[in-house]
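Novice: attaching a predicted model along with its sequence, questions to come.
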Amino acid sequence: MARIYLIYLSKQMREANNNFATSDFWLAATLMALEEKLMEIKRNDRGRATFVFRFSKNILKTVEKYQRQELKLEPQNLFVQNKLLKNQLYGDYQNK
């Protein structure tokens with residue numbers, strides 16, 4: 001069941017320009033903690049953020065592990081990435 005869901009999500013989240021996009025804040029912070037490259041934060045007209053990452057071979061495996069709650073991260077690293085992502089998210093929003 002999870003694999004079918006992931007395949008559906010992977011088609012939805014992979015953009016034409018070979019990037020990976022998600023609106024899940026904690027997934028984005030997790031990807032940053034695992035050193036995936038955040039390319040940009042897009043906002044729709046209602047202010048909802050989409051986090052765009054450079055697509056890599058490992059990113060779909062990481063998302064699958066995230067969905068199954070099988071990832072192991074250093075808590076302090078995740079906390080720091082959470083703070084950095086919030087700074088980018090709200091800093092960009094206030095400047096536009």
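Specialist: Done, it's in. Note that the coordinates shown come from a computational prediction; the quantities given were computed from them, not determined experimentally.

Novice: contacts for stretch 36-44 next, please.
Specialist: For stretch 36-44, the surrounding residues in contact (C-beta atoms under 8 Å, 6 or more residues apart in numbering) are 19, 21, 28, 31-32, 49-54, 56, 58-59, 62, 85, 88-89, 92-93, 96. C-beta: built from backbone N, CA, C; applies to glycine.

Novice: so of those residues, which ones are in strands?
Specialist: Residues of those located in strands (DSSP state E): 19, 21, 49-54.

Novice: in ChimeraX, how would I select the buried members of the contacts of stretch 36-44?
Specialist: Buried residues within these, by 16 or more other C-beta atoms under 10 Å, are selected in ChimeraX with:
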select :19,21,28,31,32,49,50,51,52,53,59,62,85,88,89
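
Novice: most widely separated two among the ones in strands among the contacts of stretch 36-44?
Specialist: By the measure C-beta to C-beta, 49 and 54 form the most distant pair in the ones in strands among the contacts of stretch 36-44, at 17.4 Å.

Novice: what residue is smack in the middle of the chain?
Specialist: residue 28 (2.7 Å; C-alpha atoms, centre = their mean).

Novice: would you check that that residue makes contact with residue 85?
Specialist: Yes - applying C-beta atoms under 8 Å, one finds residue 28 in contact with residue 85, separated by 6.0 Å.

Novice: what residues are shared contacts of these two?
Specialist: 38, 51.

Novice: now do the helices in this structure.
Specialist: Listed in chain order, the helices of the chain (DSSP state H) span 2-13, 25-33, 59-67, 75-94.
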